[in-house]
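> I'd like to go over a predicted model; first the sequence, then the structure.
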There are 2 protein chains.
Amino acid sequence: MSRTRSEPPGKGGRYHHGDLRTALVDAAIELIAERGLRRFSLAEASRRVGVTVAAPYRHFADRDALLAAVAVRALQVFAAMLEDEAGGARRPERRLAAMARAYVRFAAEQRPLFETLYSSGIDKRRYPELKRAYEPVDAFHALVTDVCAGDPEAADALGGALEATAHGHAALLVDGEYGRGPKAVRSAADRAERATLALIEGRKALQRASSPPRRSPARRSG
Amino acid sequence: MSRTRSEPPGKGGRYHHGDLRTALVDAAIELIAERGLRRFSLAEASRRVGVTVAAPYRHFADRDALLAAVAVRALQVFAAMLEDEAGGARRPERRLAAMARAYVRFAAEQRPLFETLYSSGIDKRRYPELKRAYEPVDAFHALVTDVCAGDPEAADALGGALEATAHGHAALLVDGEYGRGPKAVRSAADRAERATLALIEGRKALQRASSPPRRSPARRSG
DNA sequence: GTCTATATCCCGATAGAC
DNA sequence: GTCTATCGGGATATAGAC
């Protein structure tokens, strides 16, 4: 559909692929969608684009490197969805709530991408391109800073809570915790949005000491 | 350490394992801890226990079935940690906060179990024993109901938010989002606990309509 | 009923020819 | 850049020893 394939190699035919790298990423996403991350194989992806199993190694060091490329794609799509969904809202609180919805929707509508990003077991530290791809998501942190105007510690606390909450809803949804159909998706998105608004509203509580500090005997009430 | 092994089979030696099923589960957990979920193999587990690769199939239908057994073990450990950590607190709010800490600690200290439970890709619907193993965790829901005395809808909303938030912190921690060392674990546990308390405190906001309803034109403000 | 032995097929990865 | 050939390993299935 979206792949550019010049001509299938037939049997014993020799041919150069237009953009094997991209084609492999596309095929990988298709395959992961069909069979799940665990049953995805480099060999099958190669077959699907019409090259031998050795060909991918000119473009990717190994199977993980291909998955890392899929993860980069995932982050691009994710960033686009975030921007798209949050674009309609004016106040930062609403924008953050919309982002939480987008987070959940991304997980549901782009499940192979979401899974590759968070459950593929690739070591993200090993792929600098992947690190770079995270930057567009920083719009989120800018909004949080905005909401917590002038208090970086508050922004840190709130940002962490919002991220974790959105991620939790998305992950549990994909895990099947809320059921499967589109109803489950809407429900999870609603819950994520409300939890986001609730956390923003009650953000002061995020910075209160909630357990005794680790070192000093600390004489505060608690 | 905790495994009962009668006598290594040596070469060509023939022997019956005391409890191959349990031994395989133990070996699987060890292996997942050492190599990660993705590189875990039934063959290597078999080798480690001292049986041939075909032996496990007397006890498990396939690789996934063994992972499901690991998941059951995971839920037992998880339930024990929840109970243990929440035992010290009296008020239900504190108990729930302690549970959030336990959730994060479980993910960090029992990473192979946590990963098997949430990232192994096994279809939980296919393993009734796994469904049954979830029951001990229901102490959590009882507490939430307690906090929201008399309002089942509120309990549902709050319970979902708390679960997602705890899970989100745990998942992002395991994912490396907060760094790696023990400092990251404490930090994540603190954040999860505070978010829990904040959500309990601001739970009314979880039930407010936060986006226009799906069907009717709805003339309410917003 | 539990395990061994064995065989098939698929996958990941590498080396060298074109 | 891609193919051919090849190696090692893992998932399964089956037959047979005890």
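Right, received. Where do you want to start?
> Going by C-alpha atoms from here, please, whenever you check contacts or count neighbours.
Fine.
> Any part of stretch A:33-53 near DNA strand C?
Yes - counting by CA under 7 Å from any atom of the strand, DNA strand C has neighbours in stretch A:33-53: A:40-44, A:53.
> So which residues of chain A form helices?
A:20-35, A:42-49, A:63-86, A:92-109, A:111-119, A:128-133, A:139-147, A:152-174, A:182-201 (DSSP state H).
> Need those helices in JSON lines (columns: mean pLDDT and mean neighbour count).
Listed next are the helices of chain A as JSON lines, based on pLDDT from 0 to 100; neighbours: other CA atoms under 10 Å in any protein chain shown:
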{"stretch": "helix A:20-35", "mean pLDDT": "97", "mean neighbour count": "19"}
{"stretch": "helix A:42-49", "mean pLDDT": "97", "mean neighbour count": "19"}
{"stretch": "helix A:63-86", "mean pLDDT": "97", "mean neighbour count": "20"}
{"stretch": "helix A:92-109", "mean pLDDT": "98", "mean neighbour count": "24"}
{"stretch": "helix A:111-119", "mean pLDDT": "97", "mean neighbour count": "22"}
{"stretch": "helix A:128-133", "mean pLDDT": "94", "mean neighbour count": "14"}
{"stretch": "helix A:139-147", "mean pLDDT": "95", "mean neighbour count": "18"}
{"stretch": "helix A:152-174", "mean pLDDT": "97", "mean neighbour count": "24"}
{"stretch": "helix A:182-201", "mean pLDDT": "98", "mean neighbour count": "23"}
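> For DNA strand D, find the nearest of those.
helix A:20-35 (5.1 Å; CA to the nearest atom of the strand).
> can you give me the angle that closest one makes with helix A:42-49?
Between helix A:20-35 and helix A:42-49, the angle comes out at 110 degrees (axes from the mean of the first three to the mean of the last three CA atoms, to 10 degrees).
> helices or strands next to helix A:20-35 in the packing?
On a contact count with 3 or more CA pairs under 8 Å, 6 or more residues apart in numbering or on different chains; DSSP states H and E, helix A:20-35 meets helix A:42-49, helix A:63-86, helix A:111-119.
> To chain B, which of those lies closest?
Nearest to chain B, of all the helices and strands packed on helix A:20-35, is helix A:111-119, at 5.7 Å by CA to the nearest CA.
> and that closest one, what other elements does it pack with?
Looks like helix A:111-119 contacts helix A:20-35, helix A:63-86, helix A:92-109 (3+ CA pairs under 8 Å, 6+ apart).
> quick one, what contacts the closest residue to A:Ala55 other than its chain neighbours?
The shortest distance from A:Ala55 to any non-neighbouring residue, by CA to CA, 6 or more residues apart in numbering or on different chains, is to A:Ser46 (7.5 Å). For A:Ser46, the contacting residues are A:24, A:52-53, A:55-56, by CA atoms under 8 Å, 6 or more residues apart in numbering or on different chains.
> interface residues of chain A facing chain B?
Chain A has residues A:36-38, A:118-119, A:121, A:157, A:160-161, A:163-169, A:171-172, A:175, A:190-195, A:197-199, A:201-203, A:205-211 near chain B, with proximity defined as CA under 8 Å from any CA of the partner chain.
> B:Arg132: which of the helices of chain A is closest?
Judged by CA to CA, the one of the helices of chain A that comes nearest to B:Arg132 is helix A:152-174, at 18.3 Å.
> if we can go back for a sec, which among the contacts of A:Ser46 end up buried?
Buried by 16 or more other CA atoms under 10 Å in any protein chain shown: A:24, A:56, out of the contacts of A:Ser46.
> from the contacts of A:Ser46, which is closest to DNA strand C?
A:Val53 (6.0 Å).
> Roughly how far does the closest one sit from A:Ala69?
18 Å (CA to CA, to the nearest Å).
> Let me have the helices and strands packed on helix A:20-35 in CSV, extended by distance to DNA strand D.
Converted to CSV, the helices and strands packed on helix A:20-35 look like this (distance: least, CA to the nearest atom of the strand, whole Å):
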stretch, distance to DNA strand D
helix A:42-49, 8
helix A:63-86, 13
helix A:111-119, 18
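> Same list (those helices) but as TSV, adding distance to A:Arg132.
As requested, the helices and strands packed on helix A:20-35 are exported to TSV (distance: least, CA to CA, whole Å):
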stretch	distance to A:Arg132
helix A:42-49	25
helix A:63-86	9
helix A:111-119	14
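> And chain A, what are its domain boundaries?
According to automatic domain parsing, chain A comprises the domains A:17-60, A:67-202.
> Spell out which residues of chain A are next to DNA strand C.
Residues of chain A lying near DNA strand C (CA under 7 Å from any atom of the strand): A:40-44, A:53-54, A:57, A:61-64.
> 6 Å instead?
A:41-44, A:53-54, A:57, A:62-63 (CA under 6 Å from any atom of the strand).
> which among those residues gets closest to B:Glu109?
A:Arg63 (28.7 Å).
> OK, contacts around the nearest residue to that closest one once chain neighbours are set aside?
Once flanking residues are discounted, A:Arg63 sits nearest to A:Leu42: 6.2 Å by CA to CA, 6+ apart. Residues in contact with A:Leu42 (CA under 8 Å, 6+ apart) are A:28, A:53, A:56, A:63.
> Next, work out how far apart A:Leu42 and A:Leu31 are.
10 Å.
> Ok, A:Ser41 next?
Distance of A:Ser41 to A:Leu31, computed by CA to CA: 8 Å.
> could I get the residues of stretch A:33-53 next to DNA strand C as JSON lines with distance to A:Cys148?
Compiled in JSON lines, the residues of stretch A:33-53 next to DNA strand C are given as follows (distance: CA to CA, whole Å):
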{"residue": "A:Phe40", "distance to A:Cys148": "43"}
{"residue": "A:Ser41", "distance to A:Cys148": "46"}
{"residue": "A:Leu42", "distance to A:Cys148": "46"}
{"residue": "A:Ala43", "distance to A:Cys148": "50"}
{"residue": "A:Glu44", "distance to A:Cys148": "49"}
{"residue": "A:Val53", "distance to A:Cys148": "52"}
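> Spatially, which two of those are the most separated?
A:Phe40 and A:Val53 (13.6 Å).
> Local confidence estimate at A:Gly150?
pLDDT for A:Gly150: 80.
> now A:Gly18
So A:Gly18 comes in at 77 (pLDDT).
> re the thing from before, so which of the contacts of A:Ser46 comes closest to B:Glu93?
A:Leu24 (50.3 Å).
> ok, A:Val185 - contacts?
By CA under 8 Å, 6+ apart, the neighbours of A:Val185 are A:104-105, A:108, A:173.
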